[in-house]
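[1] I'd like to go over a predicted model; first the sequence, then the structure.
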Amino acid sequence: MQNELLKMEKITKVYPSGIVANDGVDFSIREGEIHAICGENGAGKSTLMKILFGLHTPEEGKITLRGEEIHITSPTVAIEYGIGMVHQHFMLVPSLTVAENMVLGVEPKKGLFIDMDKAIKTTEELSNKYNLHVDPRAKVEDIPVGIKQKVEILKALLRGAKILILDEPTAVLTPQETKELFNQLKLLKEKGHTIIFISHKLNEVKELCDRITVMRNGKSMGVHNTSDVTEEDISRLMVGRDVVLRVEKEKASPKESILNIKDLVYVNELGKKALKGISFSVRKGEILGVAGVEGNGQRELVESITGLESPTSGSIKIVDNEVIGKTIKQIRRLGTSHIPEDRMTYGVAGDVSIEQNIISDKYDTSEYNGKVLLKTKTIKERAVELIKEYRVKCNSANQKVRMLSGGNIQKVVVAREFSGGPKLLIANQPTRGIDVGATEFIRKRLVELRDEGSAVLLISADLNEVMELSDSLIVMYGGEIVAYFEDTSTLTEEELGLYMLGVKKQTPEEIGGVINA
Amino acid sequence: GCGEKKDDTKTPDTGDTNTEDNKTDDKDDAKTEGPLKVVLLINGNLGDKSFFDSSKAGMDLIQQKYGDKVETETIEMTYDETKWEPALQDVSDKDYDIIIVGTYQMSEYLEDIAVDHKDKKYIIFDSTVNYEEYDLDNVYSIGYKQNEGSFLAGVLATRITTSDMEGINADKKIGFIGGMENNVINDFLVGYIQGALYADPDTKVASSYIGDFSDVAKAKEMSLAQFKQAGVDIGFNVAGQAGLGQIDAALEAGKYVIGVDSDQAALFADEKEKSDLILTSVLKRVDQSLLRAIDMHLEGTLPYGSAESLGFKEKAIDIVDTNTNVSAEIMEELAEVEQKIVDGEIEVKTAFKMTQDELTEYINSVK
Amino acid sequence: MAELFNIIFTTGFGYSVLRVTTPILFAALGALISDRAGVINIALEGIMLTSALAGVIISATTQSAWIGLLGAVIVGALVGLLLAYFSLNLKTDIILSGIALNLMAAGGTVFVLFLVANNKGVSSGLKSKVIPNIDIPLIEKIPIIGPIFSGHNALTYISILSVIFIFYLLYKTPLGLKIRAVGENPNAADSVGISVRKIKYIALILSGMFAGFGGAYMSMGYLPYFTRNMTAGRGFIALAAEAMGGATPIGTFLTSLFFGFADALANNLQTLRVPPQFIYMIPYIATLIGLVIYASRKQSQIKRIKKQKIKQL
Amino acid sequence: MRKNLKFEVVRTSMAILIALAVALIIIFLTSNEPGVALKEFVVGPIDSLRHFGNVIELAIPLMFTGLAVSIMFKAQQFNLGAEGGFFIGGVAAMVVAIKVSLPVVAHPLVAILFGGILGAIVVSIPAFMKVRWNATELVSSLMLNYIALFIGAYLLNYHFRDPNSGAIASYKIPKTAKLMVILDGTRIHAGLIIVAVMVVLCYYFLYRTKWGYEIRITGENKRFAEYSGINTAKVIILSQVFGGFIAGMGGSIEVLGLYRRFTWQTLPGYGWDGIIVAILARNNPLYVPIGAIFLAYLRIGADLMSRGSDVQSEVVAIIQGVIIVFIVAESFLSKYKHKLVYKEAKKLSVKGVK
Ligand SMILES: Nc1ncnc2c1ncn2[C@@H]1O[C@H](COP(=O)(O)OP(=O)(O)OP(=O)(O)O)[C@@H](O)[C@H]1O
Ligand SMILES: Nc1ncnc2c1ncn2[C@@H]1O[C@H](COP(=O)(O)OP(=O)(O)OP(=O)(O)O)[C@@H](O)[C@H]1O
Ligand SMILES: [Mg+2]
Ligand SMILES: [Mg+2]
């Protein structure tokens, strides 16, 4: 109690949609600690932090800093109080340089103009001081996510943040990058910074944090010293029941191959080869995992298969049909389903009802479409069924998808893509940023789908996930497949990491094993 | 259409004020215990400095002259065409005695409505109604012979472009800026060209249309193009408000202007540099013609049920002769020509009787 | 054809291109600055009209052209402010706010004109002042160049200087950086304590000011008085010019000039024998073609940026 | 949802009250007979059958352009070409009415169909330009409006102009082509029936057919639509072809219903009004008639006021602007609304609803 740095008391926030995101939440942090907030999707973590950072105004509650009540009405005020925030989604301006992004809002001036040299110098100095290396002159749109994350942290530090809020910073990072980030965070802690760390990854929380506040349903479930609780305890507090983190699954019994890719080349607009002649196949009844650091061709691969982009050369066959040149609809009609990596961009239309989102791939089939009019009754019934089956938490099938929490939005996507028995399922980061309960549910379903005879291509940056779920695994690096593991059960994360970072590479013969004609 | 029907109407010549007008008298007397209520409907807005303003001035003249004996009112129906018929309906249902409308665009609405309101009198100016098809013995139509006025303008312009006044070049070229292509504007142009050729058969006439009646800046640009690029020395603007742009162009280029509908020099009375450039204006005296009509109505001599076409003779067309920059000889010549027109010695062509091809050919022949 | 070339290759024609360009350029710069801040200002037309009237009234009352200009610009800023208030505070759809303002300006100016000049058409009764023309000392003497570039209205030169001003403002000053950030990623700007609303306010006010210059040029330079609806769609043309210019100062300048050229050409062609309706179309068709050329050139680039944006999410 | 509706009603009424207050202030400041002016403005449009007829007559074209804009906006296409489409529809009606002779009923139907087709062509050019070259439809549609205008003006001047008329006007539209008046004592014509049918059709089209579904999904999230297999290029074009068709129909019907001759020299402005109507109606075809009648009521009230009193007609423009801005203002009274929401949520959570 003695060294309470900041205290939020009885915070209540009601969104205009009527959702009570925070319901009398108490939260406090001590000077110099790393404090985790855990909770299911929609538990109110981001909301609480956005309030602390002045992005939202609570209806009730008070905030005290070193015993004095403060009113954080805007991010500017928060910054003045030494609070900095790294958001769940990047808050960078792509067309500006790193240095410009750094000084945005606190620009050094030379007369009327921005002192660009000084901005660059400050960035360099800061980046050296905290051992967070970035190139100040690079345009943000050209740098990888890991660096963006660093820029975000530097941004907060530049503004004099003593209290640093990190909202799910590791969701997009590789294990190596995560490790590096943790080192730097520990360094920051040593230098006297206080850190609030939000994550769904309990092992990370265990590793990094001193204390942990668990939230459920907009309420605080109490504070614990991390060392006093196990991951299972935390999970139980979060969801209010025991969860099985391990997915029970039988050994796969793959049959004939469904997806056959041969010498796939993809050259992007800048003339860069994003895929350098990739070949592999996925068989009926197996889950083939694709591991790899983001930006090594996974996105291009997925977009080529699903028809969102057309590759430069090579061949993609789904059940013996060449799909290059086919429309997305034709590819879907071959029995392809796709869980996109970014659900809000590709997976749903936020302002449209759940029901309408659930039929987006089949609205024009005879199942839902009559001679002229859509079969509204059938659509409704089917939606209600799926909502039940996939346990989507919502008021009704008419509710706008945007009103749901991240995990439930993902369930809507999954419900649509899993139903109708796909021959081939492309699952791209299917559980990114969603809570344990939903993750468990989706993983289970994925395995069930495999057992029902679908071929599954699973792309995930979450190593735990690919290793857990995949029957066999390929690793992508620099637009190539650098490793193939027929059996994942003996694999370690460390070994996989070496392939992902391009340190190791298998022989062509070893890799060739993934091709099952 | 001020022009087209004028010759086949069964109208007695306008000069005679003793046309017997009958049936209406007693009715009028019966009703008009109070003042005579006259309403003017403008199918546009006031402030055009020409046509509509002149009609409003006519209402003022009437009010001045008759004082308490009349009650006048002016209603702007704006330029939105869909509003005109309802507005005319509305006033016809109210207790006005005489309803005045103007322009061709109102004539067909008037035909329909006047038939159903025989207790009302209607006057339409700058157009006529179709007396043959409809029973319209309560409507009086006034047309104007604008081509007579612009004939004089053509003569004047040609004399100026061949004069030794300041800023005049060697080319024998005069200009014309029209608002939009329509028969009245074309009628102006035809008279203008004919007048120019009458004065000198070698005269060239550059003519441009703005495309609307409001874009003053565009009118200025086009006039400048005529003055500076095409070698025109004097322009004639028949473009309502937009025409004002020509005056500014003339000021900038050191050239001359002939105005229309109202005395444009008087508009710029306190900007001498401008008013000096406006050598004359061709006036359509809507005001005078309306006053004349009310006079005749009160005398009981207004020939309802017929159309009249008014020109120089009836003082319904006039040109301004106050600019001292124009030499006395030219003014004299103009007076002579005017007399010849009144006497019928010169027959002025009218666009109303030309086909589009004839018209285009006539205009192109002097380009 | 020969006649056509005779027209184009005269200094008078070159001069008139610049003259016609000026109001469009001002308004297009106004469009540019608000666009870069992520707000579309469809009210440029109305703002120009309002400022044109304000300039006339204020210069007539103060008997000073420059105070009149100042007044016009301030009024432009105020209308920009009003647009900002509607769209940012009341959260009225910005396109609709713009349309509403245009509507109000079209009627309101005539109404005010009637109140002050007792006339609904033209303000010539008011003794308003004009911004003078300026001869540029050295350039004036050079053949061909001189007659084309010298002797324009002061506002024409101000419009060209404005291009440079806006270039520096956008790319070299803190405000410009903020404007670009707000336009491209308002959340990012918000998260570093930049008030997105404030920046959009500023951008719309600046936008209004430039449109105000354009309006002042119409009634105090191009013409010496105000007339009903005197802007006649130039505000919309400016939107086209800005879009065609790819939302950059230099691009906008060039496309405005291009539009001025097309317009001047149309005005001159009438002296030849072509049905006028076809000539009226020239500037608009030219814009369409220009738009296509610009857009297709830009297409691949946009695709790339879009991708990166997706990746970044 | 019900609560929402109630709130919308309260808010809209407040907006109208505020605008009326502004109107009142202007009227009192500038009029010597404010009572008369106000009466004309507020009750004028319903004080006689004919005046009410005027409201409906005006609402017909507004509904057409309102529908057209709604459909295009629903697909997130900011095409401002309803203006040009409407105009060219009028031109098409002139062409068919004058050049083709057909029996009653068939004549206007053919004319309207032709108007719709021409409207669709004009309005969808920006759509093609967008799909093909990614040119912004907002700007290109603005330009096309003018081009449509000049094409129409050319046709009228050089091919359809009645040389016997004093102004630029086409030959008379023959009786066979005219839409008949359906309510005596007004000018309300058969166009009302057509537009009523169109409202229902558009509603069903948008909300009950697969094409409407495609339009809505594309409008809400184009990338999601693509991902789902929807051909968004096709949808973008379709929405504008459809919008243009309706706008064109509207133009034809306006000319055949209210005009004796085709006389348009400038763009009639209904395209812009259509945007207002669409936004008032939140792009929902079913609400378009309400928005259109509201706007028409306002306009007719204003006309009657300026005709029947000394208030200048231009004042009306200001009043209209204020009303529109406040009605559409999303955050107008939002604080009040939030308080309601908060109270409600509070109540629920006290009751322990989970
Ligand atoms: N801007 C908003 N408007 C309306 N409702 C919102 C908004 N932001 C969040 N919510 C709702 O508030 C609740 C809490 O959301 P919050 O973002 O705080 O959850 P979270 O704990 O951060 O979840 P996650 O783990 O998915 O990030 C959710 O039900 C969500 O739907
Ligand atoms: N303006 C909004 N209106 C309603 N709900 C919103 C709004 N903005 C965000 N939400 C919802 O609030 C929830 C929490 O938002 P947040 O930004 O924290 O995303 P999230 O749920 O954590 O998802 P993810 O982790 O995948 O990004 C989400 O379900 C989101 O859909
Ligand atoms: Mg969150
Ligand atoms: Mg000469």
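    Looks like it came in fine. Numbers count the residues shown, from 1 in each chain, chains lettered A, B, ... in the order given. Ligands and ions are numbered 1, 2, ... in the order given.

[2] how about the strands in the stretch 151-300 of chain C?
    All strands of the stretch 151-300 of chain C, identified by DSSP state E, counting those that start in this stretch, fall at C:152-153.

[3] nope, the stretch 351-500 of chain A is what I was after
    Going by DSSP E, counting those that start in this stretch, the stretch 351-500 of chain A shows strands at A:424-428, A:455-459, A:472-477, A:480-485.

[4] and stretch C:231-240 with chain D, contact?
    Yes - using Cβ under 8 Å from any Cβ of the partner chain, stretch C:231-240 reaches chain D at C:233, C:236, C:239-240. All C-beta spots, glycine's among them, are computed from the backbone N, C-alpha and C.

[5] my guess is A:T306 contacts A:I331, does it?
    Yes - with contact defined as Cβ atoms under 8 Å, A:T306 reaches A:I331; the gap is 6.3 Å.

[6] hang on, the earlier thing: got a quick ChimeraX command for the buried subset of the residues of stretch C:231-240 next to chain D?
    Selecting only the buried entries of the residues of stretch C:231-240 next to chain D in ChimeraX, with 16 or more other Cβ atoms under 10 Å in any protein chain shown as the criterion:
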select /C:233,236,239,240
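
[7] Check the residues of stretch C:231-240 next to chain D against chain B and report the nearest one.
    C:G233 (8.4 Å; Cβ to the nearest Cβ).

[8] ok, the closest residue to the closest one other than its chain neighbours to C:I279 distance?
    In this structure, C:G233 finds its nearest non-sequential neighbour in C:E45, 6.9 Å apart by Cβ to Cβ, 6 or more residues apart in numbering or on different chains. To C:I279, C:E45 is 23 Å away according to Cβ to Cβ, to the nearest Å.

[9] Which one's more surrounded, these two?
    For C:E45 versus C:I279, neighbours defined as other Cβ atoms under 10 Å in any protein chain shown are more numerous around C:E45 (29 against 20).

[10] one step back: of all the strands of the stretch 351-500 of chain A, which one is nearest chain D?
    Evaluated with Cβ to the nearest Cβ, those place strand A:424-428 nearest to chain D, the distance being 11.1 Å.

[11] Return the alpha-carbon coordinates of the closest one using CSV.
    This file holds the C-alpha atoms of strand A:424-428, laid out as CSV (Å, rounded to 0.1, in the frame of the first residue of the first chain):
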residue,chain,number,x,y,z
LEU,A,424,-10.0,-27.0,-47.9
LEU,A,425,-9.7,-24.6,-45.0
ILE,A,426,-7.2,-21.8,-44.9
ALA,A,427,-6.9,-20.6,-41.4
ASN,A,428,-4.8,-17.5,-41.0
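
[12] Give the pairing partners of it; include direction for each.
    strand A:336-339 (parallel), strand A:455-459 (parallel) (DSSP bridges).

[13] Those: which one's closest to B:T280?
    In terms of Cβ to Cβ, the element of the strands paired with strand A:424-428 nearest to B:T280 is strand A:336-339, at 79.9 Å.

[14] distance between that closest one and the chain's centre?
    Here strand A:336-339 is found 18 Å from its chain centre; the criterion is Cα atoms, centre = their mean, to the nearest Å.

[15] now swap in stretch C:177-193 and tell me
    25 Å.

[16] at contact distance from chain A, anything in that stretch?
    Yes - using Cβ under 8 Å from any Cβ, stretch C:177-193 comes into contact with chain A via C:177-178, C:180-181, C:184-185, C:187-193.

[17] Report the buried residues of that stretch.
    Of the residues in stretch C:177-193, those buried (16+ other Cβ under 10 Å) are C:177-186, C:188-193.

[18] Show me where chain C has its helices.
    Secondary structure of chain C (DSSP state H): helices at C:2-8, C:11-36, C:44-62, C:65-84, C:94-117, C:145-149, C:154-172, C:174-184, C:186-191, C:196-217, C:234-244, C:249-269, C:276-312.

[19] Just name whatever secondary elements the fifth one is in contact with.
    Going back to what we said before, that points to helix C:94-117. Helices and strands touching helix C:94-117, by 3 or more Cβ pairs under 8 Å, 6 or more residues apart in numbering or on different chains; DSSP states H and E, are helix C:44-62, helix C:65-84, helix D:270-280, helix D:315-328.

[20] In the stretch 201-350 of chain B, what residue comes closest to chain A?
    Closest point on the stretch 201-350 of chain B to chain A, by Cβ to the nearest Cβ, is B:A217, at 35.4 Å.

[21] Show me where chain B dips below the pLDDT cut-off.
    Low-confidence segments of chain B, defined by pLDDT under 70: B:1-33, B:48.

[22] The stretch 151-300 of chain D now?
    For the stretch 151-300 of chain D, the stretches with pLDDT under 70 are D:166.

[23] Now for the residue of the stretch 51-200 of chain D found nearest ligand 2: which residues touch it?
    Across the stretch 51-200 of chain D, the shortest distance to ligand 2 (Cβ to the nearest ligand atom) belongs to D:Q76, at 17.9 Å. Each residue near D:Q76 by Cβ atoms under 8 Å, 6 or more residues apart in numbering or on different chains is listed here: D:218-220, D:222.
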